[in-house]
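S.K.: pasting the sequence and the predicted coordinates here, then a few questions.
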Amino acid sequence: MQYSNLKNEEGTEEKVKEGEEPNVIVNKGVNISQDVLLKKEAWWFVAMVLTFILIGSVVFYATHSEDSSTPSGLGYQTSTQPPMTTTKPDRSQVLLHTDSQYKYYKVSVSNGTRLTEGKVVETCEDVGMKAVCSGPSNCKYSSLRCQVTSLSTNCNNPMYPLSKLLCSGSKPRNCPDFEGVFSYMSNWYGGECGRVGYDWCANGDDFVAGTLEASPGIVQGKVEVYYAYCARAI
């Protein structure tokens, strides 16, 4: 009976010893898990701090990018300027004649304008008028850019029908009202046809408004005002 008791006690001690070792292992596992959790919490905290810093940097950059684009040290300043508006030049308009359908004017040409083909048309249209055709619609110097009127009767002699009315039958070269006046001519070799001094038709290609530039052999004594021959419907 004693023998069996001894065996039971030894068996009990061995069981206790075997039971103690797992307790030690479990305690170590708990310690390891707590360390991992602490490290994770530390990493999450660092990540959150970095995230806030990044978001703050983005917001700061977005709100200050407009100011930072201009170097403050160079003294640059941003300013808003009103939109540029183009103003038409002041053009004198001298009424020459009125009939039942049109009023006929001479309209001043802008300084610096060479009287090439089309400049009379541009000047007239700038004041709401039309260039006067020298002849009817079948005239070789007429086009859709000019207006055929009751005075468009002499294809090869621009402005002559009106000068006869104003100056007792005289041609433009002998009619003071036509000094410096140019008439539109489509596909004429000399540009627009004008009266300058005793020259009629003076080649518009040779004359520039506001200057002494003139055709070869002609000496301008003074700067003249040049005009476009125009008409406005009544």
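M.R.: It's in.
S.K.: for Val181, give the beta-bridge partners.
M.R.: Taking DSSP bridges as the rule, Val181 bridges to Tyr227.
S.K.: let's have the chain start at 821 instead
M.R.: Sure, I'll start counting at 821 from here, so that last one is Val1001.
S.K.: isn't it up against Arg1015?
M.R.: Yes - with contacts defined as CB atoms under 8 Å, Val1001 counts as touching Arg1015 at a distance of 5.8 Å. C-beta coordinates here come from the backbone N, C-alpha and C atoms, glycine included.
S.K.: tell me which of those two has more neighbours.
M.R.: Summary of the neighbour comparison: Val1001 and Arg1015, criterion other CB atoms under 10 Å, with Val1001 having more neighbours (31 against 27).
S.K.: what do Val1001 and Arg1015 both touch?
M.R.: In terms of CB atoms under 8 Å, 6 or more residues apart in numbering, Val1001 and Arg1015 are both contacted by the residues 979, 992.
S.K.: shaky segments in this structure?
M.R.: Applying pLDDT under 70 to the chain flags the ranges 821-853, 884-908.
S.K.: what segments of it are strands?
M.R.: Along the chain, counting by DSSP state E, strands occupy 913-918, 922-928, 950-952, 966-967, 1001-1003, 1013-1016, 1019-1023, 1047-1053.
S.K.: rebuild these as JSON lines, extending it with distance to Val878.
M.R.: Rendered in JSON lines, the data for the strands of the chain read as follows (distance: least, CB to CB, whole Å):
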{"stretch": "strand 913-918", "distance to Val878": "64"}
{"stretch": "strand 922-928", "distance to Val878": "63"}
{"stretch": "strand 950-952", "distance to Val878": "64"}
{"stretch": "strand 966-967", "distance to Val878": "67"}
{"stretch": "strand 1001-1003", "distance to Val878": "68"}
{"stretch": "strand 1013-1016", "distance to Val878": "71"}
{"stretch": "strand 1019-1023", "distance to Val878": "71"}
{"stretch": "strand 1047-1053", "distance to Val878": "64"}
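S.K.: need the winner for burial among those.
M.R.: Burial of the strands of the chain is given as mean neighbour count (mean count of other CB atoms under 10 Å); strand 1001-1003 ranks first at a mean of 30.
S.K.: what's in contact with it?
M.R.: The set of residues that contact strand 1001-1003 without belonging to it, under CB under 8 Å, 6+ apart, is 926, 929, 935, 939-940, 951-952, 954, 978-979, 992, 1012-1015, 1022, 1024, 1027, 1046-1049.
S.K.: ends of stretch 966-985, how far apart?
M.R.: Between the start and the finish of stretch 966-985 there is a gap of 21 Å, counting by CA to CA, to the nearest Å.
S.K.: next: stretch 983-996.
M.R.: The separation between the terminal residues of stretch 983-996, taken as CA to CA, is 9 Å.
S.K.: cool, and stretch 950-970?
M.R.: Start to finish, the residues bounding stretch 950-970 are 14 Å apart (CA to CA).
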